[in-house]
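**Student:** pasting the structure only:
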């Protein structure tokens, strides 16, 4: 049976929610942006009037004001965005139990089994849901309808705002394959540039690529991209309310000021590592690969990763490796604008204790016991109840706690 998958994307979501709160925003070019004081000075979302000036998500506030001096900036309120997101997803759940959120403002729905209960076609159901959300919640959505997740996602991007786009199998050659390869999900800027270097610039060109050649240059992911371009991704839509095990746990922050001293940079790395490991312990996860991404004041970004001897959720192990990676990349005197610490190759923790080796078992057991105690104290009295010396110095020097991502 051919699958019926919807991808539903809330249009200009953050800006739409702000316009619900203040309807006067709809009459002016307006955007949701970060704070200049904390140097999160970028555009997070914009309304259609701001979009007409060429304002783009992710550009700096300074660049946006140069395009539109009259631009109105609203500070973000994530609590409101989460509330509206929950309301939207509650509507989706009335039509299928297979609802997989993909970020705060978009979700996949597999309506294959339930479609006949609500509408004569998947496109008609997309229109029905789209109108309900507009009427009951007040935001607009764009809907992509297809037989696989990749093309449903591409369909929702084709017509904005407030539209439904269908991509059937017979439409792929005419609607999808002429599109730039960068329109595909998981084909970022660097991958698109690498593909273009090898003469692949369209989705159709990717679909026609030689799998052996793609695997040689791009690994197994290159073969997966070919199958996705053909519409053969075959990936299931997750069940509503069931969260899959994450592939990684990471956290990053842009600092209120550039960091130059070793003490400040070590503190920042420890603060982020503590946040990552606290989340891993809370969710019962262990990970083996530690990675860091550094952003310099001129916005140049570099990164590095390494594998630990065994999977772990230990703050001492992960923070030690994160610090080593940071300082192996850092260029003397350049300063650090932002940092991200991530632990990947994540899996569920197998019980209360797992053995790394016979010889370090006793040391590891003591370390884990100490970390369990520290974690319990932080859970009860707050994250700042117990800190490393580096973290304490960081607090005293004005390096704040990052927001959980």
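**Tutor:** Good, I have the coordinates. Since the structure is predicted, the reported quantities are computational estimates derived from the model, not experimental observations.

**Student:** pull out the buried positions in the helix or strand where residue 150 lies.
**Tutor:** Using DSSP states H and E, residue 150 sits within helix 149-158. Using 16 or more other Cβ atoms under 10 Å as the test for burial, helix 149-158 gives 149-156, 158. C-beta: built from backbone N, CA, C; applies to glycine.

**Student:** measure residue 141 to residue 160 for me?
**Tutor:** Distance, residue 141 to residue 160, by Cβ to Cβ, to the nearest Å: 9 Å.

**Student:** who has more neighbours, those two?
**Tutor:** residue 141 (29 against 16; other Cβ atoms under 10 Å).

**Student:** so what pairs up with the more buried one in the strands?
**Tutor:** Residue 141 forms beta bridges with residue 10, as assigned by DSSP bridges.

**Student:** returning to what we had before: give me the common contacts of residue 141 and residue 160.
**Tutor:** 9, 11 (Cβ atoms under 8 Å, 6 or more residues apart in numbering).

**Student:** can you give me the end-to-end span of stretch 325-338?
**Tutor:** 15 Å (Cα to Cα, to the nearest Å).

**Student:** now the helix or strand residue 290 falls within: average pLDDT?
**Tutor:** Take DSSP H and E as the rule and residue 290 turns out to sit in strand 285-295. Taken as a whole, strand 285-295 has an average pLDDT of 94.

**Student:** correct me, but residue 111 touches residue 99?
**Tutor:** No. In this structure, residue 111 is not within contact of residue 99 by Cβ atoms under 8 Å, at 9.8 Å.

**Student:** chain center to stretch 192-205, what's the gap?
**Tutor:** 24 Å (Cα atoms, centre = their mean, to the nearest Å).

**Student:** go on, stretch 314-322?
**Tutor:** Here the centre of stretch 314-322 is set off from its chain's centre by 23 Å, with Cα atoms, centre = their mean.

**Student:** and stretch 184-203, by the same measure?
**Tutor:** On the basis of Cα atoms, centre = their mean, stretch 184-203 sits 20 Å off its chain's mean C-alpha point.

**Student:** for stretch 320-331, same thing?
**Tutor:** 24 Å.

**Student:** quick check: the residue most central in space within the chain vs residue 7, distance?
**Tutor:** The centroid of the chain falls nearest to residue 103 when counting by Cα atoms, centre = their mean (6.6 Å). As judged by Cβ to Cβ, residue 103 and residue 7 stand 11 Å apart.

**Student:** show me where the stretch 151-300 of the chain has helices.
**Tutor:** 189-197, 203-207, 211-218, 220-230, 262-283 (DSSP state H, counting those that start in this stretch).
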